[in-house]
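Sequence first, then the predicted structure, then my questions.
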2 protein chains.
Amino acid sequence: MGVGDTIQSVERAAGILRLLASGPRELGVAELARAMELPKGTLHGILRTLVHVGFVEQDATTGRYRLGGTLLHLGSSYLDVNELRTRSLNWADALAGRSRESVWIGTLHEGGVLVVHHVFRPDDSMQVLQVGTLLPAHATALGKVLLAYDPYGESAKEPLAAHTPATLVTADALAKELELVRGRGWAADLEELVEGEVSIAAPIRDRRAVTVGAIGVRGAVERLAEDGEPRRDLVSYVRDAARAITRDLSR
Amino acid sequence: MGVGDTIQSVERAAGILRLLASGPRELGVAELARAMELPKGTLHGILRTLVHVGFVEQDATTGRYRLGGTLLHLGSSYLDVNELRTRSLNWADALAGRSRESVWIGTLHEGGVLVVHHVFRPDDSMQVLQVGTLLPAHATALGKVLLAYDPYGESAKEPLAAHTPATLVTADALAKELELVRGRGWAADLEELVEGEVSIAAPIRDRRAVTVGAIGVRGAVERLAEDGEPRRDLVSYVRDAARAITRDLSR
DNA sequence: CCGATGCGTTCGGCAATGCCGAACATGCGA
DNA sequence: TCGCATGTTCGGCATTGCCGAACGCATCGG
């Protein structure tokens, strides 16, 4: 086992979990074997172990496999550990109160934006909690902020998916946009992910001034924008909240 | 690799994740090695793999390890897969609206109650989302319902922890309580987990009539109870919601 | 009714895999 | 400045678990 090597079975187990998480459907051994190009027997051994530790559950009647509850528990533990989230809980609530819009906090993760906190819009029911979701980075204000200030600057990823007609789909357009973001210190997405929805975000930094996350609001274009521009008062609310959390994190 | 055996490295990896999730603190290789009674080198190999797949992150300065964002993502995927939760989203909202209290949905998992859904109390801010939390089964209405109808009937677990003076701590008292629950079809917890808080719950069954979860409300004793008894109107709201979801699941 | 086809599971043999322990580099505290 | 504790590397060995074929069972179609 040389340096840089990884443990085969653990990596395969992670691959299985990823596949099970990628769709809402349960998967069978044979299906997984085809997808991963491994013998059925091999996968069965790993699956048996994953069931044993609770990461995977097996349907009693069909014999197929799905994710297990232990993963939900571990995932929520991540939230407790995450310093960015715990420090920003109160500020996110305050921002939701001032802006009267839903508030989102995210980090860069595997090329997307991992939502680590989400406050519902006040006085509006029937919203689905999005914590744990992976949003496309190039089509959200949160993502643009994170890409613009990413210390590793690895913006080049898979081709940019077009979610609406307004989505930036060329690497060039995105690079220009990120330049703009760096210049003014905040980002916006004008119906680039969902038609009719706008988002605004600003960066959160840690004590060494590296950007570790972003906070923003998201809501209907009628409320968040005026004359095709994000409302200035909302922009300053968002930036204020981001600065407050940054101050909190650098103590 | 005989039948019933499990893959060593995968099981060890799961153990590491459990340890990292058990406390809010980051852990070092040496610390983990002591806890699991394994050589440092062995653990390092597993940790390197876990970092590689994103299940674990390593602090750049201290070198210690913490849970990674991928776990949050996998955990939230579990919620999408979970049929109990997806089917009951609307009913939970409705129950929150009628009862004007926070609504909880849970399943039995590893001897506790895994919270798979949680609706905030209407018109009340500053609540923390508890999805993914493991609640003690013997001290909550959700847990009592689930234990009472558990097909495997494995109620005997570790000693019952006393969270308040009212917590049922003897196996005898719990058995009597479960008998009562089975008799009337719903359960209550009167300040048995948190002083001043009461919860009420009823069972959710699937198409084969086995209990797969429970739904309930939780709130201040002044609102949920009268004369030391759960309010009857709330009890029937909860039971109605449980029946509605059961009907939904058996279609 | 009965092949045929798919499924999840079992199992033995073989060698690749990854476990171990000692040595190394680094950083912190005394 | 010394010493101890940390995270990391690495080579050798045998244990580990990977593989592929065979099994029992369910489902489907002729």
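Thanks, I have it. All figures in this text were calculated on a predicted structure; none of them were measured in a lab.

what's the burial count for the residue of the stretch 151-251 of chain A found nearest DNA strand C?
The nearest approach of the stretch 151-251 of chain A to DNA strand C comes at residue A:208, 13.9 Å away (CB to the nearest atom of the strand). (Each C-beta comes from the backbone N, C-alpha and C, glycine too.) Neighbourhood size, residue A:208 [other CB atoms under 10 Å in any protein chain shown]: 10.

now do the one 5 residues further on
Burial measure for residue A:213: 30 neighbouring residues, criterion other CB under 10 Å.

Now do the closest residue to DNA strand D within the stretch 101-250 of chain A, the pLDDT please.
Nearest residue of the stretch 101-250 of chain A to DNA strand D: residue A:152, at 18.0 Å (CB to the nearest atom of the strand). pLDDT, residue A:152: 72.

Checking the residue nearest in space to the middle of chain A next. Helix, strand or coil?
Nearest to the mean C-alpha position of chain A, by CA atoms, centre = their mean, lies residue A:114 at 1.8 Å. Here residue A:114 is recorded as strand under DSSP: H, G, I helix; E, B strand; the rest coil.

Can you name the residues that contact the spatially closest residue to it that is not a sequence neighbour?
Closest residue in space to residue A:114, ignoring its immediate chain neighbours: residue B:69 at 4.8 Å, by CB to CB, 6 or more residues apart in numbering or on different chains. Residue B:69 makes contacts with A:78, A:107, A:109-110, A:114, A:116, B:54, B:57, as judged by CB atoms under 8 Å, 6 or more residues apart in numbering or on different chains.

Surely the residue of the stretch 151-251 of chain A closest to DNA strand C is in a helix?
No: counting by three-state DSSP, residue A:208 is not found in a helix; it is coil.

for the closest residue to residue A:187 other than its chain neighbours, what are its contacts?
Spatial nearest neighbour of residue A:187, excluding adjacent residues (CB to CB, 6+ apart): residue A:144 at 3.8 Å. Residue A:144 is in contact with A:137-138, A:177-178, A:181, A:187-189, A:201, counting by CB under 8 Å, 6+ apart.

go on, residue A:231?
Contacts of residue A:231 (CB under 8 Å, 6+ apart): A:224-225.

Would you mind measuring from it to chain B?
23 Å (CB to the nearest CB, to the nearest Å).

Phi, psi for that residue please.
phi -60, psi 130 (degrees, to the nearest 10).

about what we covered before: look at the residue of the stretch 101-250 of chain A closest to DNA strand D and tell me its secondary structure.
At residue A:152 the chain is in coil, as set by three-state DSSP.

Check the burial of it by counting its neighbours.
Other residues near residue A:152 number 6, with proximity taken as other CB under 10 Å.

Without its sequence neighbours, what residue ends up closest to residue A:159?
residue A:169 (7.8 Å).

Tally up the residues packed near the one you found, please.
For residue A:169, the count of nearby residues is 17 (other CB under 10 Å).

who's in contact with the spatially closest residue to residue A:116 that is not a sequence neighbour?
Closest residue to residue A:116 in three dimensions, ignoring its sequence neighbours and counting by CB to CB, 6+ apart: residue A:85, at 4.6 Å. By CB under 8 Å, 6+ apart, the contact set of residue A:85 is A:79, A:105, A:116-117.

Find the pair from those with maximum spatial separation.
Greatest spatial distance in those: A:79 and A:105, 10.9 Å, computed using CB to CB.

out of the two, which sits in the more crowded spot?
Using other CB under 10 Å as the criterion, residue A:79 and residue A:105 rank with residue A:105 on top: 30 against 21.

I'd assumed that one was in a helix, is it?
No: counting by three-state DSSP, residue A:105 falls outside a helix, being strand.

just to revisit the earlier point, how far is the helix or strand hosting the residue nearest to residue A:116 from where the chain is centred?
Per DSSP states H and E: residue A:85 is located in helix A:83-99. How far helix A:83-99 lies from its chain's middle: 17 Å, per CA atoms, centre = their mean, to the nearest Å.

Could you give the average pLDDT over that helix?
Rounded mean pLDDT across helix A:83-99 is 93.

buried set for it?
Buried residues in helix A:83-99, counting neighbours by 16 or more other CB atoms under 10 Å in any protein chain shown, are found at A:84-85, A:87-88, A:91-96, A:98-99.

How many residues are close by the closest residue to DNA strand C within chain A?
Closest residue of chain A to DNA strand C, CB to the nearest atom of the strand: residue A:28 (1.9 Å). Neighbourhood size, residue A:28 [other CB under 10 Å]: 16.

Assess the claim that it and residue A:63 are in contact.
Yes: the criterion here is CB atoms under 8 Å, and residue A:28 meets it with residue A:63 at 6.9 Å.

quick one: the residue nearest to the centre of chain A and residue B:220, what's the gap?
35 Å (CB to CB, to the nearest Å).

Report the lowest-confidence entry in the contacts of residue B:69.
Pick the lowest pLDDT in these and you get residue A:110, at 89.

Spell out which residues sit in contact with that residue, please.
Going by CB under 8 Å, 6+ apart, residue A:110 touches A:134, B:54, B:69-70.

Then residue A:168?
Counting by CB under 8 Å, 6+ apart, residue A:168 touches A:138-139, A:160, A:174, A:177, A:192.

Just give the closest residue to it, not the sequence neighbours.
residue A:174 (5.0 Å).

count of neighbours near that neighbour?
Using other CB under 10 Å, residue A:174 is surrounded by 21 other residues.

Can you show me the helices along chain A?
Per DSSP state H, chain A carries helices over the ranges A:8-22, A:29-36, A:40-52, A:69-81, A:83-99, A:141-148, A:171-184, A:221-224, A:232-249.

Mean neighbour count, those helices: which tops it?
Most buried of the helices of chain A, by mean neighbour count (mean count of other CB atoms under 10 Å in any protein chain shown): helix A:141-148, with a mean of 28.
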